[in-house]
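>>> Next comes the sequence, and after it the predicted model I'd like to discuss.
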Amino acid sequence: MQIYGRTVDDQSRCVHYATPVDVVAIKFACCLRYYPCHLCHEETTDHPASQWPVDQRGQHAVLCGVCRTELTIEEYLAVDSCPNCHAAFNERCRLHTHLYFQVR
């Protein structure tokens, strides 16, 4: 699975977010490409980001950078770590949920 943007390692960390728990990439609804963060998408594409609609939360759109497991949006929003490899996800990413997914 290719991750676009300014990554700094093979676990999906980028120049903007590179802590030990920044190991998630999000597939953007507008281009169906994985990026580590909204800033990477903004800096490297020629189009504005669009959020996944609420009725598409069953789509596989989140990638664990550690084990490469794809999670549905619904699965991702319900966990704090990867259900496959148990890698911790950055809890502060919840502050950016609205940038990737429409909120209810």
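Received the coordinates, thanks.
>>> any idea how far Thr72 is from Gln59?
Distance, Thr72 to Gln59, using Cβ to Cβ, to the nearest Å: 6 Å. Where C-beta positions appear, they are placed from N, C-alpha and C, glycine not excepted.
>>> and the longest helix for this protein?
helix 38-44 (DSSP state H).
>>> Give me the buried stretch members for that helix, please.
By 16 or more other Cβ atoms under 10 Å, the buried positions in helix 38-44 come out as 38-41.
>>> what is the most centrally placed residue in the chain paired to in the beta sheet?
For the chain, Ile26 is the residue whose C-alpha lies nearest the centre (Cα atoms, centre = their mean; 2.4 Å). Listed beta-bridge partners, Ile26: Tyr35, Val62 (assigned using DSSP bridges).
>>> for it, what are its contacts?
When contacts are counted by Cβ atoms under 8 Å, 6 or more residues apart in numbering, Ile26 is found next to 34-37, 61-63, 100.
>>> Need the pLDDT of it.
For Ile26, the pLDDT comes out at 98.
>>> Distance of it relative to Val54?
Counting by Cβ to Cβ, the gap from Ile26 to Val54 is 16 Å.
>>> again with Tyr35
Tyr35 sits 21 Å away from Val54, taking Cβ to Cβ as the criterion.
>>> Just want to know which of those two has more residues nearby.
Tyr35 (27 against 11; other Cβ atoms under 10 Å).
>>> I figured that one hits Phe28, correct?
Yes: using Cβ atoms under 8 Å, Tyr35 is in contact with Phe28, at 6.2 Å.
>>> who touches both of those two?
Shared contacts of Tyr35 and Phe28, counting by Cβ under 8 Å, 6+ apart, come down to His41.
>>> Show the residue spans covered by the strands in this structure.
Under the criterion DSSP state E, strands of the chain are mapped to 24-27, 34-35, 60-64, 70-72.
>>> can I get those strands in TSV with distance to Glu91?
Formatted as TSV, the strands of the chain follow (distance: least, Cβ to Cβ, whole Å):
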stretch	distance to Glu91
strand 24-27	11
strand 34-35	20
strand 60-64	15
strand 70-72	16
